[in-house]
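Asker: Below are the sequence and a predicted model; questions follow.
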Amino acid sequence: MNDFPQIIYKRHTFLSALAMGISAIIIAFIVSCTVVIIYGMNFAGDKSEEIVSLAEEAIRGLPKLQESLPPVLADMLNDHRQPDYSTQLTITPSTTLLPNDNGTVKTTIEIVNNGKEVVSLLSLRVVVLTSRNEIITESNEWAATPIAADHDNWRGPLMPSSRRYFVTSHKALPVFSADDLKTEVEITDIRIWNSDKGTWFENRKSPEPELPDPNTAAPAEIP
């Protein structure tokens, strides 16, 4: 009799080999992600102080940057947020359904500045709803901007005692009757120009030299 133990070799099937390969890939991916995360945490810890210092320097340099800008651009930054001025604005929206135009609605916004301040920025959220408060469409509109330009509907600042109209339209909406529509307008941001500080040019120009009063000037000495 042969008392030596018999060694039995088992061949790996395709499924077992595939499972081992996928397991190896997953383990390698986890190890790689761990190394990247640890390195990123160390890098962020080393560079966080530098980032904070750079941000502080940038904030301190804003006044100098504003002084170096041209007058038109500097005036754009010479404003402040003032939500309570919204009580001086009268906003009237109206929405109509254009006939024979595949469900196109046109919304007209009328804004009246009843106060004495210049509105440098006015952002509105315009929502068109049904009688059951179902939202048909919504959009953000710039009713007033620091400067006027044709690009992106920059309509310019809103002067005191002035009236402004603008129109927005939306197509292919499930609307069949204009009687079921209503429009709500929400003020999302409002900024007022700092008129008490004057313009950049008025603040930066040097004062004119004072001329001596001829009545009080001392007489010239005669040699």
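Answerer: Looks like it arrived, so ask away.
Asker: which stretches of the protein have low pLDDT?
Answerer: Applying pLDDT under 70 to the chain flags residues 1-18, 41-77, 101, 151-152, 172, 175-179, 196-223.
Asker: how about the strands in it?
Answerer: Using DSSP state E, the strands of the chain run over 79-81, 89-97, 105-113, 119-130, 135-144, 148-149, 154-155, 163-170, 181-193.
Asker: tell me the most buried of the ones you listed?
Answerer: Neighbour counts (mean count of other Cβ atoms under 10 Å) averaged over each of the strands of the chain peak at strand 119-130, with a mean of 20. From N, CA and C alone the C-beta is placed, and that goes for glycine too.
Asker: what residues does stretch 160-171 touch?
Answerer: 98, 101-118, 126, 128, 136-137, 139, 141, 143-144, 153, 155, 158 (Cβ atoms under 8 Å, 6 or more residues apart in numbering).
Asker: correction: stretch 87-107
Answerer: Contacts with stretch 87-107, where a contact means Cβ under 8 Å, 6+ apart, come from 108-115, 117, 119, 122, 124, 126, 128, 136-137, 167-178, 181-185, 187, 190.
Asker: Between the two ends of that stretch, what distance do you get?
Answerer: End-to-end distance for stretch 87-107: 22 Å, by Cα to Cα, to the nearest Å.
Asker: Looking at the strands of the chain, spot the one closest to residue 32.
Answerer: strand 135-144 (42.6 Å; Cβ to Cβ).
Asker: partner strands of the closest one, parallel or antiparallel?
Answerer: Paired with strand 135-144 in the same sheet, following DSSP bridges, are strand 119-130 (antiparallel).
Asker: For the residue nearest to residue 181 when sequence neighbours are not counted, list each beta-bridge partner.
Answerer: Among residues not flanking residue 181 along the chain, residue 95 sits closest, at 4.9 Å (Cβ to Cβ, 6 or more residues apart in numbering). Beta-bridge partners recorded for residue 95 (DSSP bridges): residue 107.
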